[in-house]
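Participant: Predicted coordinates and the sequence they were generated for:
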Amino acid sequence: MKKRVYSLAVILSCGLFFLNSCSTYKRDPSQVVIQVLADPDMLNPINSTDANMGQDISNNLFQPLIAYDYKTLKLVPVLADSLPVIKIDSANHMSMTFELKKEAKWDNGTPITSKDVEFTFKAIMNPAVNDEPQKSYYDFINNILTVKNYPDNPRKFTILCDKRYILAELASGGTNILPEYVYDPEKHMEHYTMEQMHTAKEKLANDPDMVAFAKEFNSDKYSRDPKYVSGSGAYKFTEWVTGQRLVLEKKKDWWGSSLAGTNCFFEANASKLIYQTINDLTSALVSLKAGNVDVMNDIKPQDFIDLPKSQKFTENFDTYTPLQLTYSYLGINTTSPKFADIKTRQALAHLCDIQRMIKDVIYGLGQQVIGPVSPMDSLNYNFNIKPYEYNIDTAKSILASAGWKDSDGDGILDKVIDGKKTDFTIDFLINSGSDTRKKVALIFQEVARKVGITVNVIQQDWNVYLDNVKKHSFEMYYGAWVMPYGPSDFKQIYYTTSALNRGSNYVSFGNAKSDGLIDSIREELNDTKRAAMSKRLQIIMHEQCAYLYLWSPKQLIAINKRYTNVHPSPMFPCYWEAGFKAKTE
């Protein structure tokens, strides 16, 4: 793995470059400039694996049937006229009937119909489409028996699934809908039914039409070409300068304007949304204070603590600290022979001085967690699990019982693995540009040294880091996941098969017991029963230590005071930027 080293001169020059690139962009009072650490991976909402910026930006371009409102945190209709009517029949089939808003139109003026919804589902199910990391969230689509259309009402449709699924309502309704006329102009998939997509997946994998569609759909033009990235949202994608900015411009005759005030998704006050890439947080804060950036939502904790000391800053900016629906963790590659023994992983858990990290790294601006459920979720969070105690002596004892000892007196623990003496060294990946992750890695490195473990902290560019994590090419890494607002489906990240086929179980967590619980959780619609299962699953996660859970951080946000209609939210990115309204308007 190649280590990246950056000099102070390079960082400063990059900061000046970004400041200059910001300041040369013509401003108007109603546009919003948002600092981001990196470009999104793409603007194809189905193929994107970027749960943060990629999805955030796409949500201004595309729309789902239903979604959680950033202000009220309630599930609200967006493209749909109302929340679906849900029924479960005697055969345990689950049906959801939606009706689209009569006002909903595509950019060419044609109405959005059930055919566009069905096309979107078929695109997801196409076996040649590069959406593998998302497929487990859309498993319910693979269980769709049919999508019933109504000839007398093209806006109405019923989704009939062969089993219950906790996220069926949200996963079907929360999928960003694509215009068929843009994404499949050759009608490659028009003649296939949902039933065929369900029953003949293997046969369709090599079908010429399926392959032809996927080749186009997976291409760059549907990921970053303004001529082909098109949805029903209030904004159109107009510019992407790699490593500098991505620009969305409000549509002149957007169909949703007549529904302003319905919910947050019909608030589009900003004339432009400019996502300015500044991957150094110090430079980003300078740009914010200079007025070249209006919004920054990932401020360094130390800087955030110091901001109120500046009168000029407090005159121009408001700050917000909602607890994020995310959790940070240290991921351990359980397929590595070094970490195959559960005792070794548990010993590493005792070397995580999490309270020190929270105090010294994020200045108390976070809350320790024991698993992938937010402590804000009082029903599902397992408060009975006691976090691993930071204790070096306990760690030493467990390591010894796992066979680690300093056999040659060089100060480094070793163990015979597969017939070969192996020193206990750990290559620890972090992405460059994050002081928080670097500081955590260095604290862990310092503590591990005390018990005879050598930790090599390796910084990599975001895309390189992400690629290595996806390929399981790591021993440990610092990561974070976004938690959903609403029921949690753990399959994508925690199911054993999700460690394969481009799934997101990068640490290869799981066993038959955890898989069984995840399967049961996915089908249990009773909140209380599902919570009990979730708590049992959290116990397994705690014991297995494939993830060493750290904390849910507070989002550290600064927004220019010239905007009103700013509502901090626990849902990423913790605000609805399109709704910001300039006071001068």
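Facilitator: Cool, the structure landed.
Participant: switch to C-alpha atoms for all contacts and neighbour counts from now on
Facilitator: Noted.
Participant: which secondary structure elements does the longest helix anywhere in the chain contact?
Facilitator: In terms of residue count, the longest helix belonging to the chain (DSSP state H) is helix 527-544. The criterion is 3 or more CA pairs under 8 Å, 6 or more residues apart in numbering; DSSP states H and E, and the helices and strands that helix 527-544 contacts are helix 342-350, helix 512-523.
Participant: what sits up against that helix?
Facilitator: Applying CA atoms under 8 Å, 6 or more residues apart in numbering, the contact partners of helix 527-544 are 342, 345-346, 370-372, 379-382, 385, 509, 514, 517-518, 520-521, 524, 547.
Participant: repeat that for 6 Å
Facilitator: Outside of helix 527-544, the residues that reach it under the criterion CA atoms under 6 Å, 6 or more residues apart in numbering are 380, 382, 521, 524.
Participant: Spatially nearest residue to the third one, not counting backbone neighbours?
Facilitator: Of all residues beyond its chain neighbours, the one nearest residue 521 is residue 530 (5.6 Å), with distances taken as CA to CA, 6 or more residues apart in numbering.
Participant: so after the lowest-mean-pLDDT helix or strand in the chain, what's the next helix or strand?
Facilitator: Sorting the helices and strands of the chain by mean pLDDT, DSSP states H and E puts helix 8-23 at the bottom, at a mean of 35. Moving toward the C-terminus from helix 8-23, the next helix or strand (DSSP states H and E) is strand 32-36.
Participant: Quick one: which of the contacts of helix 527-544 has the lowest pLDDT value?
Facilitator: Within the set of these, pLDDT is lowest for residue 524 (92).
Participant: returning to what we had before: which stretch among the helices and strands packed on helix 527-544 comes nearest residue 38?
Facilitator: Across the helices and strands packed on helix 527-544, the minimum distance to residue 38, taken as CA to CA, is reached by helix 342-350, at 30.5 Å.
Participant: Mind checking the pLDDT average for the helix or strand just after the closest one?
Facilitator: In the C-terminal direction, the helix or strand that comes right after helix 342-350 (DSSP H and E) is helix 354-360. Taken as a whole, helix 354-360 has an average pLDDT of 97.
Participant: ok, and for the longest helix of the chain, which residues are buried?
Facilitator: Of the residues in helix 527-544, those buried by neighbour count under the rule 16 or more other CA atoms under 10 Å are 530, 531, 533, 534, 535, 537, 538, 539, 541, 542, 544.
Participant: Quick one: mean pLDDT for it?
Facilitator: For helix 527-544, the per-residue pLDDT values average out at 97.
Participant: Go ahead and confirm residue 63 touches residue 176.
Facilitator: Yes. With contact taken as CA atoms under 6 Å, residue 63 and residue 176 are classed as touching, separated by 5.0 Å.
Participant: more neighbours, the two?
Facilitator: For residue 63 versus residue 176, neighbours defined as other CA atoms under 10 Å are more numerous around residue 176 (26 against 23).
Participant: Quick check: closest non-adjacent residue to that one.
Facilitator: residue 64 (4.2 Å).
Participant: contacting residues for that neighbour?
Facilitator: Residues touching residue 64, when contacts are defined by CA under 6 Å, 6+ apart, comprise 174, 175, 176, 177.
Participant: I'd assumed residue 455 was in contact with residue 426.
Facilitator: Yes. Taking CA under 6 Å as the contact criterion, residue 426 and residue 455 are neighbours in contact, 4.7 Å apart.
Participant: so where's the chain shaky on pLDDT?
Facilitator: Low-confidence segments of the chain, defined by pLDDT under 70, are located at 1-27, 51-52, 133-145, 584-585.
Participant: Can you check which strand is longest in it?
Facilitator: Counting residues, the longest strand found in the chain (DSSP state E) is strand 153-161.
Participant: Identify the residues contacting the following helix or strand past that strand?
Facilitator: Beyond strand 153-161 in the direction of the C-terminus, DSSP H and E gives the next helix or strand as helix 168-173. Taking contacts as CA under 6 Å, 6+ apart, the residues outside helix 168-173 that touch it are 65, 66.
Participant: Helix 168-173: which residues count as buried?
Facilitator: Residues of helix 168-173 classed as buried by neighbour count (16+ other CA under 10 Å): 168, 169, 170, 171, 172, 173.
Participant: Most widely separated two among the residues you listed?
Facilitator: Largest separation among the buried residues of helix 168-173 by CA to CA: 168 and 173, giving 7.9 Å.
Participant: could you pull out the strands for the stretch 401-550 of the chain?
Facilitator: Counting by DSSP state E, counting those that start in this stretch, the stretch 401-550 of the chain has strands at residues 414-417, 420-423, 425-431, 454-460, 476-482, 547-549.
Participant: now the ones you listed in JSON lines, with distance to residue 580 and mean neighbour count?
Facilitator: As requested, the strands of the stretch 401-550 of the chain are arranged in JSON lines below (distance: least, CA to CA, whole Å; neighbours: other CA atoms under 10 Å):
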{"stretch": "strand 414-417", "distance to residue 580": "57", "mean neighbour count": "17"}
{"stretch": "strand 420-423", "distance to residue 580": "55", "mean neighbour count": "14"}
{"stretch": "strand 425-431", "distance to residue 580": "31", "mean neighbour count": "21"}
{"stretch": "strand 454-460", "distance to residue 580": "35", "mean neighbour count": "20"}
{"stretch": "strand 476-482", "distance to residue 580": "24", "mean neighbour count": "20"}
{"stretch": "strand 547-549", "distance to residue 580": "35", "mean neighbour count": "27"}
